[in-house]
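Student: the sequence and its predicted three-dimensional model are supplied below.
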Amino acid sequence: MKQKDSITQLFENLKGTFDLEETPIGHEKRFMEKLHELHAKQSKPSRSWWKPLSIAATIALLLGVGFYSMDSKDSSMDLASVSPEMEKTQSFFLTTINQEIETLKSFENEESKALVDDALRRLQVLENDYITLEADLASSGNDQRVIAAMIANFQSRIEILQQVITTLEEIKTLKANKNETTI
């Protein structure tokens, strides 16, 4: 009831302030014509700044992706990408290194574990250096000095493996000889 009373009171307070005049003849027709004109102006395609900007942004994005993909391909360049001869060289070195690692692991036991682990750590350092050399090769454009450094890296890995294997074979031989003399 209070709400009904407050509404009634509101209308009593506003009495005499309401616009009670009739709208002029043809007012609705003029209003509808203006509304249609406004709608027609808004539906026309307008040349705004966002369309050319969106096209430019799309082109920039495509170029960026293209350059990034070309750059990522270049950064993974290795000896095999230089020439067929270098591909054979790389294949030879990798096969030899993998065979030597298998031989090294066959010697691994509790007594030689420290020596084998040290050799594998040294190989990992050389592998990290090789990755850096691959990036240098890509940026230098097949510089002969970088290629020579990559080959030297492979040779260093093989030398480390051969030295450790020779040491392990000597230790094994010494132990066998020591056991023979005591029997």
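Tutor: Perfect, I can see it now. Numbers count the residues shown, from 1 in each chain.
Student: helices and strands around the host helix or strand of residue 92, which ones?
Tutor: Counting by DSSP states H and E, the element that carries residue 92 is helix 84-106. Helices and strands touching helix 84-106, as assessed by 3 or more CB pairs under 8 Å, 6 or more residues apart in numbering; DSSP states H and E, comprise helix 113-140, helix 144-182. Glycine gets a C-beta too; all of them are placed from N, C-alpha and C.
Student: worst mean pLDDT among those?
Tutor: Lowest mean pLDDT within these: helix 144-182, a mean of 85.
Student: any idea of the angle it forms with helix 84-106?
Tutor: On the basis of axes from the mean of the first three to the mean of the last three CA atoms, to 10 degrees, helix 144-182 is oriented at 30 degrees to helix 84-106.
Student: gap between helix 144-182 and the chain center?
Tutor: Once both centres are worked out by CA atoms, centre = their mean, to the nearest Å, helix 144-182 turns out to sit 38 Å from its chain's centre.
Student: by contact count, what packs against it?
Tutor: helix 84-106, helix 113-140.
Student: what's the closest of those to residue 25?
Tutor: Distances from residue 25 to each of the helices and strands packed on helix 144-182 were compared using CB to CB; the shortest belongs to helix 113-140, at 83.5 Å.
Student: what residues sit buried inside that closest one?
Tutor: Within helix 113-140, the residues scored as buried using 16 or more other CB atoms under 10 Å are 115-116, 119-120, 123, 130, 133-134, 137-138.
Student: and that helix with helix 144-182, angle?
Tutor: 170 degrees.
Student: helix 113-140 - contacts with which helices or strands?
Tutor: Looks like helix 113-140 contacts helix 84-106, helix 144-182 (3+ CB pairs under 8 Å, 6+ apart).
Student: since that was my last question, I'll sign off now.
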